[in-house]
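**Q** need a 3D model of the sequence below.
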Amino acid sequence: MRIDKYLWCMRYYKTRNMVTEACKKNHVTVNGLVAKPSKEVFPTDKITFRKDQITQIITVLDIPENRVGAKLVDIYRRNDTPAEAYQHLELLKLSKEHYRKNGTGRPTKKDRRDIDEFGNEIITDEDDE
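**A** Presented below is the predicted three-dimensional model:
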């Protein structure tokens, strides 16, 4: 099975076109070699790809006939991605939410003044030392 079809079947990408674009950008490797979208995948191959700021590492266990349900994905692949990668993603999400909550809109004049004041406090603290 082609690598683009396999990653689409395993529900890592929403469309095969998205997988093809990732392959063209050299985000997908099979057994350490950069893969074109037409690269054939076999059981025991190790696939590494970058998606959502995480480098995913999976091992092919079996080849599905067509796209599988989310509950059946584990039959066809083993996820070897380190847990630290997922923890890093969680920290990234928390840091984005810390500054401004989603849906709050643009910063107000008061927010801008607070940001400027915060920056000035850091500069004056460094000058005192």
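**Q** list the beta-bridge partners for the closest residue to residue 82 other than its chain neighbours.
**A** Once flanking residues are discounted, residue 82 sits nearest to residue 57: 7.9 Å by C-beta to C-beta, 6 or more residues apart in numbering. (Each C-beta comes from the backbone N, C-alpha and C, glycine too.) Beta-bridge partners for residue 57, by DSSP bridges, are residue 48.
**Q** next one: residue 88 relative to residue 55, how far apart?
**A** Look at residue 88 and residue 55: by C-beta to C-beta, to the nearest Å, they are 10 Å apart.
**Q** now residue 85
**A** Using C-beta to C-beta, residue 85 is found at 7 Å from residue 55.
**Q** now swap in residue 32 and tell me
**A** 13 Å.
**Q** same check, this time on residue 65
**A** Going from residue 65 to residue 55 by C-beta to C-beta gives 28 Å.
**Q** show me which of those two is the more surrounded one.
**A** The neighbour comparison of residue 65 against residue 55 (other C-beta atoms under 10 Å) goes to residue 55, with 13 against 7.
**Q** so after whichever strand or helix holds the more buried one, what's the next helix or strand?
**A** Per DSSP states H and E, residue 55 falls inside strand 54-60. Later in the chain than strand 54-60, the nearest helix or strand by DSSP H and E is helix 73-76.
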